[in-house]
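> Have a look at this prediction, sequence included:
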Protein chains: 2
Amino acid sequence: MNRAHLSNELLYKIIKEKHNQLPTIMKEVGIDCWLIFARETASTPDPAMELAVGGEVVGKSAFVFSLKDGVLNKTAIVAYFDANATKKKGLWDEVIGCTEGIVEPMQQLFRTIDPSKIGINFSKSDVTSDGLTYGMYLILEEILSEMKDRFCSATPLIRALRGRKTPIEIELVTKACELTEEINRKIAPQFKIGMSEFDIQQLFFEEMEKQGVEEAWQRDCCPSIDAGPNKELGHDSPQKDLKIQKGHTLHNDFGVRLKGYCSDIQRMWYFGKEEDIPEELIHAFETVRDAIQRAADYIKPGVPAYMVDKQARDYVIERGYDEYMHSLGHQVGKQAHDGGVNLGARWKIYNGVTDLPVEENSIYTLELEVKTKHYGQVSLEEDIVVTKDGCRFLVPPQRKFITIE
Amino acid sequence: MNRAHLSNELLYKIIKEKHNQLPTIMKEVGIDCWLIFARETASTPDPAMELAVGGEVVGKSAFVFSLKDGVLNKTAIVAYFDANATKKKGLWDEVIGCTEGIVEPMQQLFRTIDPSKIGINFSKSDVTSDGLTYGMYLILEEILSEMKDRFCSATPLIRALRGRKTPIEIELVTKACELTEEINRKIAPQFKIGMSEFDIQQLFFEEMEKQGVEEAWQRDCCPSIDAGPNKELGHDSPQKDLKIQKGHTLHNDFGVRLKGYCSDIQRMWYFGKEEDIPEELIHAFETVRDAIQRAADYIKPGVPAYMVDKQARDYVIERGYDEYMHSLGHQVGKQAHDGGVNLGARWKIYNGVTDLPVEENSIYTLELEVKTKHYGQVSLEEDIVVTKDGCRFLVPPQRKFITIE
């Protein structure tokens, strides 16, 4: 069995753990009913499916979680041809297989539940909470027209459910990080002066295939490979005409998807002897490294997200560099960009999300770059999990340039 | 390189062919501007992205096709960090990379284009045209508030664009079908009395890994494996306690995704000598086979989709079986269920889509099952492409039970 795949056994175990988190979260956010309304999830997946349902459905389906007197009830309404597979997962109190369409069973269920709020999956600011398509929203409005005024965004619920990783989830992301570093270590000795960014990416692809893991984001730039001073970092793919040179740096941004969970790590190499690394590069590297460490020292449950970003951002400016034009960190989990609260500045585009508090057991990247005058950008990215009173790096952070002579 | 992956070169070549189809289609359907509005497409993909853009974006992005005086103009507005990768694809007349958000560049572009209709990706009936999320719709309404009354569903446009396969697309689906049959032929000699459905699925997984191809739909039931009379066909996964027995059938529903294009084929085996196949099974098999052939003989460009279904459905009933509870065929392409017009009856759930005409170069499955009294269901599925005056099977259809002694 390809090690990239999450076994059904483990998948449903994790989903059960997530379901067990729901009563507390639903009470906290004041949503007594959560509806995942989806169809043909292979071509149009709602990210909530992988989180709380597992597997695909073909026909129109309603997965309904309702909380009454502290008791969670879980009902799946699916097309008859999706019913057996849904039942077998053992996740639902009841599975209703429909031959005559989903409308009546849904209306009946919602009349019985009579929820005060119905959380549905749309969000202007949080992508992983925005899985309901507009066409499906229009259908839902028709089916539950009498309860339309009870619809609300499920974002606070999904944010907590996705963000609060269970022990198994933390273990799986950690394993993905370990494998990422293992591949980095294994391949680095093959880097040679004159190799192009493209050549180096091929080495990664070969090793990933050997290891039986998938890329954590689009293959084009996973890993991204950036050689020398003239490459603008970003989501750009490797070039055939940019080659490793002596006295230059090499940078990658790399993550794997291992058993359904991602890593997202940036590393940097220097081609030459350690004693020959230019002062300008060392100053930049130490700035990035220490900015990340300052954020890591500061972060703990309860602090507002933007304050974590501020520790790093202020330090970068203090050290004489331009500030980075993104947030310090995003969450990592089933997705490399796992939605929810991000560690960003209080910019308008974040819609207030960065004012929210950091929560225990969330997994974040800490990442930033600074620009040098003569050697291009210096950029690192580490993955951490928020603990009871601080955080823990999932794998050891990079402390200095890895030199290749 | 894993043969499952479509090279960027080929991907962009196909997308260029699709872009070239746009002026004719846009004129036909009366939509002079098509907007794909997406973000973080790795976790929330709009199926239109793979069709007309290729690759992923992270930030909010607008891909705008506008037709004026017969000339197509193509503009991509993306976040600055997505701009380089987007430019390099060579698909756009202009790529605008935004550092200050997408709002002003979008408003400016749409004021310049001043389209009479803006097709956006939502649909109550066609899944592959329904990629715009509700949250993104709300954002779009704000950005283009002054042009809101020009919004319309891009469904007719996407339906034609996805449905009218280019020669390369037809070749790629054909290759996926050929590989599917190759794997079927390779594995069948390993089927043995006493093996469970689960064991057999593992054989397929091993061969798929050897061949370096992915499943065309969810791994759980790709292939689905159904042994003997007591298995209800549907999207159900293989059982460990259902085993091959002498005198029983084995059925699979299997497709691979090869270079980004899918196949979807059902085959049936019989365990025993050919002369021992019970009359009841032969009657059922011939009914299914000939119903498919009748539909294949009938289909050609211009006939209404439901009439193709009717050829098969009427024949099944005429032969004394219950009619099948689904449509005779769906389209196949980038997705195993590729949206657009399906070959179904005139049922309410299809919203009139089955009244639409069949088009040249569309690829469809022809699939149905009948139920026998003593031997369970008999089910086949073939893949065809609609030609100028009829259709062609992409691989030879199954003509009789494959026997294994």
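Now that the structure is in, tell me what you want to look at. Numbers count the residues shown, from 1 in each chain, chains lettered A, B, ... in the order given.
> And the strands in the stretch 151-300 of chain A, which stretches?
A:151-153, A:214-215, A:224-227, A:249-254, A:256-258, A:261-262, A:265-271 (DSSP state E, counting those that start in this stretch).
> Return the member of those strands having the minimum mean pLDDT.
Across those, strand A:214-215 has the smallest mean pLDDT, namely a mean of 90.
> Relative to that strand, what are the paired strands and their orientations?
Take DSSP bridges as the rule and strand A:214-215 pairs in its sheet with strand A:256-258 (antiparallel).
> Check what contacts the strand it pairs with and list those residues.
The contact list for strand A:256-258, computed with C-beta atoms under 8 Å, 6 or more residues apart in numbering or on different chains, reads A:3-4, A:172, A:175-176, A:179-180, A:183, A:208, A:211, A:213-216, A:262-263, A:336. For the C-beta atoms, the positions are set from N, CA and C on the backbone; glycine is no exception.
> again, 10 Å this time
Here strand A:256-258 makes contact (C-beta atoms under 10 Å, 6 or more residues apart in numbering or on different chains) with A:3-6, A:172-173, A:175-180, A:182-183, A:204, A:208, A:211-217, A:222-223, A:262-265, A:334-336.
> Which members of those residues are positioned in helices?
Counted as lying in helices by DSSP state H, out of these, are A:172-173, A:175-180, A:182-183, A:204, A:208, A:211.
> Next, give me the two most distant ones among those.
Across the ones in helices among the contacts of strand A:256-258, no pair lies farther apart than A:172 and A:204, at 21.0 Å, counting by C-beta to C-beta.
> CA atoms of stretch A:230-245 as PDB?
Extracted C-alpha coordinates of stretch A:230-245, given in PDB (Å, rounded to 0.1, in the frame of the first residue of the first chain):
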ATOM      1  CA  ASN A 230      17.900  36.900  -9.300                       C
ATOM      2  CA  LYS A 231      15.000  34.700  -8.300                       C
ATOM      3  CA  GLU A 232      12.000  36.400  -6.900                       C
ATOM      4  CA  LEU A 233      10.500  34.100  -4.300                       C
ATOM      5  CA  GLY A 234       6.800  33.300  -4.600                       C
ATOM      6  CA  HIS A 235       4.600  30.600  -6.000                       C
ATOM      7  CA  ASP A 236       6.800  30.300  -9.100                       C
ATOM      8  CA  SER A 237       8.100  27.200 -10.700                       C
ATOM      9  CA  PRO A 238      11.700  26.300 -11.100                       C
ATOM     10  CA  GLN A 239      13.600  27.600 -14.200                       C
ATOM     11  CA  LYS A 240      15.800  25.700 -16.600                       C
ATOM     12  CA  ASP A 241      18.100  28.600 -17.100                       C
ATOM     13  CA  LEU A 242      18.700  29.500 -13.400                       C
ATOM     14  CA  LYS A 243      21.700  27.400 -12.200                       C
ATOM     15  CA  ILE A 244      23.500  26.800  -8.900                       C
ATOM     16  CA  GLN A 245      26.700  28.900  -8.700                       C
END
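> What mean pLDDT does it get?
Averaging pLDDT along stretch A:230-245 gives 82.
> got the buried residues for it?
By neighbour count with 16 or more other C-beta atoms under 10 Å in any protein chain shown, stretch A:230-245 contains the buried residues A:231, A:233-239, A:242-244.
> what do you get for stretch A:296-306?
Per 16+ other C-beta under 10 Å, stretch A:296-306 contains these buried residues: A:296, A:298-301, A:304-306.
> now do stretch A:186-204
Judged by neighbour count using 16+ other C-beta under 10 Å, the buried positions of stretch A:186-204 are A:187-188, A:191, A:195-201, A:203-204.
> show me which of the residues you listed neighbour chain B.
Among the buried residues of stretch A:186-204, proximity to chain B is found for none (C-beta under 10 Å from any C-beta of the partner chain).
> State the pair within the residues you listed that is farthest apart.
A:188 and A:198 (17.1 Å).
> re the thing from before, which of the strands of the stretch 151-300 of chain A sits most buried?
Across the strands of the stretch 151-300 of chain A, the average number of neighbours (mean count of other C-beta atoms under 10 Å in any protein chain shown) peaks for strand A:261-262, which reaches a mean of 28.
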